[in-house]
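Visitor: Attaching a predicted model along with its sequence, questions to come.
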Amino acid sequence: MEALILLLVILVFGFYSFPLYSYFAFIAVYSLAFCDVGFIFWTIYLLAALVLLIQSFRIKFITSKIVNFINKNGLLPKISATEEAALQAGTNWVEANFFKAQVNFKEIQAEKVTVLTPEEQAFLDNEVKQLCEMTTDWEIFQDRDFRPDVWQFIKDKKFFGMIIPKEYGGLGFSATAHSKVIEKLVSRSQVLAITIMVPNSLGPAELILKHGTQAQKDKYLNDLALGIQVPCFGLTEPNAGSDATSISSNGVVFKDKKGNLKIRLNFEKRYITLGNIATLIGLAFVLKDPEHLLGEKEDLGITFAVIDAKTKGIDNSKRHDPLGIPFVNSPLYGKDVVIPLENIIGEEKGIGKGWQMLVESLSIGRGISLPSVSLGGSKLALNVVASYSQLREQFGLSINHFEGVEEKIAKIAAFTYMLNASRNYTLDAIDNGAKPGVINSVMKYHATEKFRTIINDAMDVLGGSAIIRGENNLLAHAYFAIPISITVEGANILTRNLMQFGQGLIKSHPYIYTQINALKNNNVQSFDRAFFAHIGLVFNSFCKSLAYYLTRAQINCQKGHFQRYKQKLTWVSSEFTLLTNVALAILGPSLKKRENISARFGDILSNCYLITATLREFENNPNQKDEDLVDYICNYCFNEIQIAREEIIINIGYLGFLLPLVKINPFSIKEKDSLNAKIVKNLENEDYLKQMTSSLFISNSKEDRLAKIQKAVKLNKEAQNSFKILKEAIKNNTIQKDNSESMINELLEKNLLSKDEIEKMLEAHALKQEVISVDSFKTSEYKAQR
C-alpha cells in the first residue's frame, strides 16, 4: 500500500510539473515517516540526488555520455540551410501549446479581435460592391478576360495596393480587411478574386515593402498601388514546383563595357499569375559570381530581383489555360536578360537572401489569400444549396427533407462555420503581430481541402442543375477551379506530409530545436538543460494522459461554453505531446522520413487548431443555433484525431499493443444523424442563413441568379399555406391533378383561395420554376462559347 501511495503521489507531482528537487524531498520525508529503509537505500538516494540535482555532476556522469552516444551513432537530425531559414521565418503561436501538453483557453480568448476601420468597411460596401456589379462570372468566362473598364476600375481603386501602406499610395489594409475583400469577390467570380489576390500576396510589392531599400520603395510602391505597374512573381519552374529551392534560373555577375557591374539572366518560369500582362516582373534566380567580382564566394544563392517586362530578352507573350479558368497565367522566358545590381531587392544586401524572403512571404498566400477564396466559395455554396434544396421537390417533398441530402447540407454548413472561425482566429493573430508559419500551413491545407469537400457535396445536392454549365450555374466554375487552390502555394500532399508536423515539430516543440543547436555547437550545458526539461515534459504528458484516459478528462475543470469539448482538447494535447515524443524516441531522425506518420501527427495538430478556433468563435459570437454546428465540428474533428491516433500506433511497431486500449476509449465518434436535421432546419430561417453567409455578394439586379434564388425562397415561404391547401385538395380529390397553373386556377374557381393568394402562388411557382431551370443554347451559340 505504501508503495502504491508513493507511486500515486509521484504521478500527481508529474501531472502538475513539480520540479525535480520536490520529488527527492517528498521521497525522503515519506521514507522517514512510513518506510523502514536502511543504509543502502540512503546511499543510493544521496548519490542519485547529487547526480541529478547538481548540473556539473549530471553533465559529467549522464549528459556527456548521452552526447557521445548521439554523436557516435549519428542520431543528430540535420537541418539544412533552407530548413533553417524556414524555421527562423515566422513565430510560434497557439500550436506551440499542443507540443507542451497544454491548452491555454484564457490566452486563446484574449487574442484581440480585429474590427474593420470605417475606411475598410466603406471599401467593402462601395468599391468592392461596385466591382462585383460591373461584371459577372459568365461574362468573364465568355470574354476570357475583364472588360477594359473593369481593369481600369481595379487599378484606379487601388485593388492591387491593399497591402501597401498609405504613405506609399496604397490602402494600408489589415489582413482581415484584405481577406474580406477576397471573400466577397470570390462569391461573384473566382477570376476576380485570384486576379486581385495575387499582387496582394507573394509578389514584388510585399517583397519590396519588407526587404527593399528606401529608394526601391519610393520608386516602385506608389506605381504598384495605383496600378501603373502590374506585377507578377516568377518562382515556379518545370523542375521546381513545391521544392522552390531547386530553381535553375540563373544570373551571372559580369562587368559591361563601361566597367559597371551587371547580371545576365537566363530563366524559364511557368504558372505565373498575371505574367502575360505584367509590366514589372519579380524574379527568383540563383546568382553566381564566377569572376569573384563581389567577393570570394562564387555561388551566392537564391536572389530576388525586379525587372521591367519590356527588357530585351524577356518573352511573356504566351498564356497557360488552367482548367479553363480565364485568369491570366503564363510562362515566362528570359534569354541573356541584362539588369543592374540595383534591381536586386535590397540591392547588394539582398544577394542570397531570396529563400529567406520567400518563406517569410509565403504565409500571406497560405494564411490569408487561399483561405479567403475557400471561405467565400464555401459561403456561396452553402447559400445556394440551402436555398435551392428548399425549392426543389422530389416525390412531393423538398429535397432538404431527405436524410442523404441533410447529411450533405449539414456538413457544408459545419465546414463553412469552421473555415470562418479558423480564418478569423488566424487573421486576428496576424493583425496582432504574429507570423504563425505552422498554422498558415494548416490553414492552406484545410481551407482548400474542406472547400473541395464542400463543392463536391454541393454539386451532388444540386444534381442536374450543377452539371449543366451556363449563366445560371453558380458553382460549376468553382468546381473546375478547386484543383488550382489544392496545387498552388505548396501542393497539399507536401503540406500535409512534410510541413504541418515536420516543420512544427522542430519549430514549435519547446526543447528539440534548442537540443539540436546545442549539439551542433557542442554546448553541453545548454543541451543538458533542454534535455532534462524535455524528460520532464514527457513525464508530465504521460501523467496527464494517464489521468485523462482513466477519467475521460472529466477531472479537468473548464469554464465558459462547451466545457466538455475543452476537457477533451486538453486530453488530446497531452496524448499528442506524449505520442510525439515516444515516436521521436523510437524512430529518431527517421521520423522526418516517415511522411505518412508525420501526416497523421499533422492531422492531430491541425484538428486541434480547428477545434480551438471553433470554440473561440462561439465564445466571441454566441448564438444558440450555432451550438449545433459546434457540436458537429468538434465531434467530427475529435473523430479525425481518433483515426490518426490509431493509425500512428499501428504504424510504429513497438506501440501496436496499445491499439485495443485506444479503441475502447476513443476521443469521440461521429454525431447522430438527428443533428443533421437540426442544422438543416435552422438554415430554413432566412436571417440565420444570411448571417451564416455574410460577406456574400448579392446583386441589386433583379436578373441576378443568386438574387432570384433568395426571392424565390421568400415567395414560396409566404405562399406555403396556399401550397398546402393545394396538396390537400389533390389528396382529397377536390380538384383534378393537372399542370400547376390549371390546378391553382381551379382553387380560385372553387373559392378555396382568394385572388390575392392565387396571385402570390402563381408568382412564387413561376419564380421557383425559373430557379430550378437550367441553361440551354442554340447550336450556333453553344459552339461559339468558351
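Guide: Received the coordinates, thanks. Residues are numbered from 1 along each chain as shown.

Visitor: after the helix or strand of the chain with the lowest mean pLDDT comes which helix or strand?
Guide: Of all the helices and strands that make up the chain, helix 81-88 has the lowest average by mean pLDDT, DSSP states H and E, namely a mean of 71. Following helix 81-88 in sequence order, the next helix or strand is helix 95-98 (DSSP states H and E).

Visitor: residues in contact with the helix or strand following that following helix?
Guide: For helix 95-98, the following helix or strand on the C-terminal side (DSSP H and E) is helix 105-110. Residues outside helix 105-110 that contact it (Cβ atoms under 8 Å, 6 or more residues apart in numbering) are V94, N97, Q558, K559, G560, K566, T612, L615, R616, E619, N620. Bear in mind the C-beta positions are built from the backbone N, C-alpha and C, glycine included.

Visitor: Okay, buried residues for helix 105-110 please.
Guide: F105, I108 (16 or more other Cβ atoms under 10 Å).

Visitor: A strand includes I228, no?
Guide: No: counting by DSSP: H, G, I helix; E, B strand; the rest coil, I228 is not part of a strand but coil.

Visitor: Which pLDDT value does the model give the spatially most central residue of the chain?
Guide: Residue closest to the mean C-alpha point of the chain, counted by Cα atoms, centre = their mean, is M443 at 1.4 Å. The per-residue pLDDT reported for M443 equals 95.

Visitor: Kindly state the pLDDT recorded for the closest residue to it other than its chain neighbours?
Guide: Using Cβ to Cβ, 6 or more residues apart in numbering and skipping residues adjacent in sequence, the residue nearest M443 is P371, 4.8 Å away. Here, the pLDDT recorded for P371 equals 95.

Visitor: what's the distance between P371 and R392?
Guide: 31 Å (Cβ to Cβ, to the nearest Å).

Visitor: likewise V771?
Guide: On the measure of Cβ to Cβ, V771 and R392 end up 9 Å apart.

Visitor: Show me the strands in the stretch 201-350 of the chain, by range?
Guide: 231-234, 250-255, 261-273, 280-288, 299-308, 314-315, 329-340 (DSSP state E, counting those that start in this stretch).

Visitor: and those, which is most packed in?
Guide: Per residue and on average, the most neighbours among the strands of the stretch 201-350 of the chain fall to strand 231-234, with a mean of 29 (mean count of other Cβ atoms under 10 Å).

Visitor: Which other helices and strands does it contact?
Guide: If you count contacts as 3 or more Cβ pairs under 8 Å, 6 or more residues apart in numbering; DSSP states H and E, strand 231-234 packs onto helix 204-211, strand 261-273, strand 280-288, strand 329-340.

Visitor: Tell me where the protein is predicted with low confidence.
Guide: 1, 81-82, 242, 362-365 (pLDDT under 70).

Visitor: hmm, try it at 80
Guide: 1-3, 36, 74-90, 202, 240-245, 359-366, 395-396, 592, 741, 786 (pLDDT under 80).

Visitor: Domains in it, by residue range?
Guide: 2-53, 97-106+509-675, 107-112+361-498, 120-360, 719-771 (automatic domain parsing).

Visitor: Compute the first-to-last residue distance for the first one.
Guide: What that stands for is domain 2-53. 25 Å (Cα to Cα, to the nearest Å).

Visitor: what do you get for the longest one?
Guide: Using Cα to Cα, the gap from the first to the last residue of domain 120-360 comes to 25 Å.

Visitor: same thing with the third one?
Guide: Here the two ends of domain 107-112+361-498 are set 28 Å apart, with distance taken as Cα to Cα.

Visitor: can you start the count at 560 instead of 1 from here on
Guide: Taking 560 as the first residue, the last one we looked at is domain 666-671+920-1057.

Visitor: element containing the residue nearest to M1002, please.
Guide: helix 929-950.

Visitor: try F1091
Guide: helix 1083-1110.

Visitor: C-terminal to that helix, what's the next element?
Guide: In N-to-C order, the element after helix 1083-1110 by DSSP H and E is helix 1122-1146.

Visitor: which parts of that following helix are buried?
Guide: Quick answer for helix 1122-1146 (16+ other Cβ under 10 Å): 1124-1143.

Visitor: What of stretch 1325-1342?
Guide: L1326, K1327, V1330, I1331.

Visitor: For the nearest residue to the first one once chain neighbours are set aside, list the residues it contacts.
Guide: So that's L1326. Once flanking residues are discounted, L1326 sits nearest to A1271: 4.4 Å by Cβ to Cβ, 6+ apart. Residues counted as contacts of A1271 (Cβ under 8 Å, 6+ apart) are S946, L950, A1323, L1326, K1327, E1329, V1330.

Visitor: picking up where we left off before, format the strands of the stretch 760-909 of the chain as TSV; extra columns: distance to E643.
Guide: Output for those, formatted as TSV (distance: least, Cβ to Cβ, whole Å):
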stretch	distance to E643
strand 790-793	23
strand 809-814	23
strand 820-832	26
strand 839-847	18
strand 858-867	13
strand 873-874	33
strand 888-899	29
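
Visitor: Only alpha carbons, please: show the least confident helix or strand of the chain as CSV.
Guide: The C-alpha trace of helix 640-647 is given here as CSV (Å, rounded to 0.1, in the frame of the first residue of the first chain):
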residue,chain,number,x,y,z
ALA,A,640,20.2,26.0,-44.6
THR,A,641,16.8,26.1,-46.3
GLU,A,642,15.1,24.4,-43.4
GLU,A,643,16.9,26.8,-41.0
ALA,A,644,15.6,29.8,-43.0
ALA,A,645,12.0,28.3,-42.8
LEU,A,646,12.3,27.8,-39.1
GLN,A,647,13.5,31.3,-38.5
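
Visitor: List the contacts of it.
Guide: Residues contacting helix 640-647 (Cβ under 8 Å, 6+ apart): I638, T804, W914, Q915, V918, G996, Q1062, I1065, K1066, Y1072.

Visitor: Now do that helix and strand 858-867, the angle between them.
Guide: Angle of helix 640-647 versus strand 858-867, following axes from the mean of the first three to the mean of the last three Cα atoms, to 10 degrees, is 60 degrees.
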